[in-house]
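S.K.: Sequence isn't available, so here's the structure alone:
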């Protein structure tokens, strides 16, 4: 119960201290494109078959 208000207060303090720098970037098309590319990069990174790429041994599957 106490942790959420402290977290919210810390987030507000950080936003006030940074002068809203994070919210201002959302109005800049360059930063918006960078954010969208970052999200796409995370999605692509999660779709990589790391077992195959890293040549890790795959345990044999057993029949159900």
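M.R.: That came through fine. These numbers were taken from a predicted model, which means no experiment stands behind them.
S.K.: can you give me phi and psi for residue 60?
M.R.: phi -70, psi 140 (degrees, to the nearest 10).
S.K.: With residue 61 instead?
M.R.: Main-chain dihedrals, residue 61, degrees, to the nearest 10: phi -80, psi 140.
S.K.: Check residue 63 too.
M.R.: Backbone geometry at residue 63, expressed as degrees, to the nearest 10, gives phi -70, psi 140.
S.K.: got the contact list for it?
M.R.: Counting by C-beta atoms under 8 Å, 6 or more residues apart in numbering, residue 63 makes contact with nothing. Bear in mind the C-beta positions are built from the backbone N, C-alpha and C, glycine included.
S.K.: Retrieve the pLDDT associated with it.
M.R.: Looking at residue 63, its pLDDT reads 74.
S.K.: Quick one: name whatever helix or strand follows the worst-scoring helix or strand of the chain on mean pLDDT.
M.R.: Ranked by mean pLDDT, DSSP states H and E, the weakest helix or strand in the chain is helix 21-25, scoring a mean of 66. As assigned by DSSP states H and E, the chain's next helix or strand after helix 21-25 is helix 29-47.
S.K.: Can you tell me what sits against the helix or strand just after that following helix?
M.R.: Counting by DSSP H and E, the next helix or strand C-terminal to helix 29-47 is helix 50-53. With contact meaning C-beta under 8 Å, 6+ apart, helix 50-53 is reached by 56, 58.
S.K.: mind redoing it with 10 Å?
M.R.: Residues outside helix 50-53 that contact it (C-beta atoms under 10 Å, 6 or more residues apart in numbering) are 56, 57, 58.
S.K.: low-confidence ranges in the protein?
M.R.: Residue ranges of the chain with pLDDT under 70: 1-2, 19-26.
S.K.: can you rerun that using 80?
M.R.: 1-2, 14-28, 63-64 (pLDDT under 80).
S.K.: gap between stretch 53-64 and the chain center?
M.R.: Centroid separation for stretch 53-64 versus its chain: 29 Å, with C-alpha atoms, centre = their mean, to the nearest Å.
S.K.: Perfect, that will be all.
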